[in-house]
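J.: Generate a structure from the sequence data that follows.
(chains A, B, C and D)
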Protein chains: 2
Amino acid sequence: MKPGPQFSRNDLSSLDLFEGLSPSVLDEVIAVTRCRALARDTRIFNQGDGYVRAHLLVEGSVRIAQTGSDGGQIVVRFIGPGEMFGTVALFTDGKYPADADTLTDAIEFSWSETDLLKLMSAHSQIAINALKIVGKRIQEAQNRLRELATQPVERRIAHTLLRLSKQAGRDTPDGVKISFPLRRKDIADICGTTLFSVSRVLTTWEKAGWLATRDQHLTIAKISEIQRVGDNETA
Amino acid sequence: MKPGPQFSRNDLSSLDLFEGLSPSVLDEVIAVTRCRALARDTRIFNQGDGYVRAHLLVEGSVRIAQTGSDGGQIVVRFIGPGEMFGTVALFTDGKYPADADTLTDAIEFSWSETDLLKLMSAHSQIAINALKIVGKRIQEAQNRLRELATQPVERRIAHTLLRLSKQAGRDTPDGVKISFPLRRKDIADICGTTLFSVSRVLTTWEKAGWLATRDQHLTIAKISEIQRVGDNETA
DNA sequence: TCGTCCATTTGCGGTGGCGCAAAGGGCCTC
DNA sequence: GAGGCCCTTTGCGCCACCGCAAATGGACGA
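T.: From the prediction side, this is the model:
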């Protein structure tokens, strides 16, 4: 195990990637795990970097964003505690396809490509678990593609908020609070529009009392209303 | 091996999914492979179907399309010989996320979820190969997302044609011919626009002598021009 | 308490591309 | 060879959405 905050088998066994592994295998994993603490607004890796590792966020939040050869940018996804990131680069061309930045102070585990490959070769369960994770990501990406291609901005924003509250929502007295710090620009980059359009829509919803923004954090008071906008065609 | 056209180890060993396997393992695979011949315009599986198999197209072409709860439809991808499809459903919720239709007469291999899972558990190389395949798909999906979110229709169409010619292009005296039968509507559903817009753009390009449509097949005479439209911002 | 910085809001104008309707144009069937 | 079917083209009007500029509003630091 490499330097960093302490952790135990339990920290790993609860993760999707290492589900169903015996304690001795977990120990093997731990032996090659690197653990790091990261400050807020740190670039973890750059799009195009060649020295690839698989990452797992233990604590905090991370934004994965992709920039095109023109300036065009999208947020691929936000990462919360317990989620993997930077794994797509593994086993393909060996280059990260996007940038990763911490939005808060964070703690991550990571593994080198070769170490992880050895682990997967020896323990196919890990590879199968990884397939499950990547499969879900693909489904999500395909749904976003369909939304982007067929639905108007308002619906897309609604779906984005619903997805985010499912991923990182915490119940509070005021409603469901999304635990990522979100700027308008971030939301725009997720659902493929401009921060202006997002601002207009969110302001409307805010005035209607459906949600509130405080301190770069969104709290949704009336999920059902958002859901209605997302589903129904007659806004 | 289940009934159907004959095939041998060689047919499998050249496939990405079974790369690097020993002959004896290939025999194991063959033992649980189902092979089918399919007529043109056959529905292979429906979005939402629960009885899931992993598919591999040996010959012909298949369109994977997703329909939303509203009528909105997108083409997720076209499948050519040697490519896998319907694999995302495995290991996730066990339901196909899209429809699959043959565009031509076709031959496919397929495996049941449980058989494939057994194979992967026993031979981690298969699982790792699958990860590579799925990883590429995710990268492609992310690139499409960015394009859809940031680029105007003309550029998206250009990129779509470039991708298709890379995937299924064959050199001919007249240029690169895309071996899928493509209707305007298909192209529109790939790049998130309407068949009208596609028609307008393609007509322009056709008049410029950059490409030709014959018999539902596209032949690109001047790839470089298409490339220029795709890359450059000043059309 | 004031000034600076950053994020957000809001107004206004322009337009890309959608939507529909109607007119071609192949191809197949009878 | 006449009719029907499907795909495509083309014209026209319109509207959702973008793009910019300027105003507003906190948060932070001196």
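
J.: got any ranges where chain A has weak pLDDT?
T.: The model of chain A has pLDDT under 70 over residues A:1-10, A:233-235.

J.: Taking it, what residue is nearest to DNA strand C?
T.: A:Ser199 (3.1 Å; C-beta to the nearest atom of the strand). Where you see a C-beta, it was placed from the backbone N, CA and C, and this is true even at glycine.

J.: Doesn't that residue belong to a strand?
T.: No: counting by DSSP: H, G, I helix; E, B strand; the rest coil, A:Ser199 is not found in a strand; it is helix.

J.: Which residue is the nearest non-sequential neighbour of it?
T.: A:Arg184 (5.2 Å; C-beta to C-beta, 6 or more residues apart in numbering or on different chains).

J.: just checking, that neighbour touches A:Arg200?
T.: No: assessed by C-beta atoms under 8 Å, A:Arg184 is found out of contact with A:Arg200, at 9.9 Å.

J.: Looking at the two, which is more packed in?
T.: A:Arg184 (19 against 15; other C-beta atoms under 10 Å in any protein chain shown).

J.: so what's the more buried one up against?
T.: A:Leu195, A:Val198, A:Ser199, A:Leu202 (C-beta atoms under 8 Å, 6 or more residues apart in numbering or on different chains).

J.: Is there a quick PyMOL command that grabs whichever of those are buried?
T.: Those of the contacts of A:Arg184 that count as buried under 16 or more other C-beta atoms under 10 Å in any protein chain shown are selected in PyMOL with:
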select buried, chain A and resi 198+202
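
J.: helices and strands around the host helix or strand of A:Leu57, which ones?
T.: Using DSSP states H and E, A:Leu57 maps to strand A:53-59. Counting contacts by 3 or more C-beta pairs under 8 Å, 6 or more residues apart in numbering or on different chains; DSSP states H and E, strand A:53-59 is packed against strand A:84-85, strand A:106-112, helix A:113-122.

J.: ok, 10 Å please
T.: Here strand A:53-59 touches helix A:9-13, strand A:34-38, strand A:43-45, strand A:73-79, strand A:84-85, strand A:99-102, strand A:106-112, helix A:113-122, going by 3 or more C-beta pairs under 10 Å, 6 or more residues apart in numbering or on different chains; DSSP states H and E.

J.: looking at the ones you listed, which is closest to DNA strand D?
T.: Closest among the helices and strands packed on strand A:53-59, using C-beta to the nearest atom of the strand: strand A:73-79, at 11.6 Å.

J.: does the closest one come close to chain B?
T.: Yes: residues of strand A:73-79 contacting chain B under C-beta under 10 Å from any C-beta of the partner chain: A:Gln73, A:Ile74, A:Val75, A:Val76, A:Arg77.

J.: do that strand and DNA strand D meet at all?
T.: No: Strand A:73-79 does not reach DNA strand D (C-beta under 7 Å from any atom of the strand); its nearest approach is 11.6 Å.

J.: Neighbouring strands - and their directions - for that strand?
T.: strand A:62-67 (antiparallel) (DSSP bridges).

J.: how far is the partner strand from where the chain is centred?
T.: 9 Å (C-alpha atoms, centre = their mean, to the nearest Å).

J.: cool, stretch A:83-103 as well?
T.: On C-alpha atoms, centre = their mean, the centre of stretch A:83-103 falls 11 Å from the chain's centre.

J.: now the end-to-end length of that stretch.
T.: Counting by C-alpha to C-alpha, to the nearest Å, you get 15 Å between the two ends of stretch A:83-103.

J.: The longest helix out of those in chain A: which residues count as buried?
T.: Using DSSP state H to define each element, chain A has its longest helix at helix A:124-150. Residues of helix A:124-150 classed as buried by neighbour count (16+ other C-beta under 10 Å): A:124-131, A:133-135, A:137-139, A:141-150.
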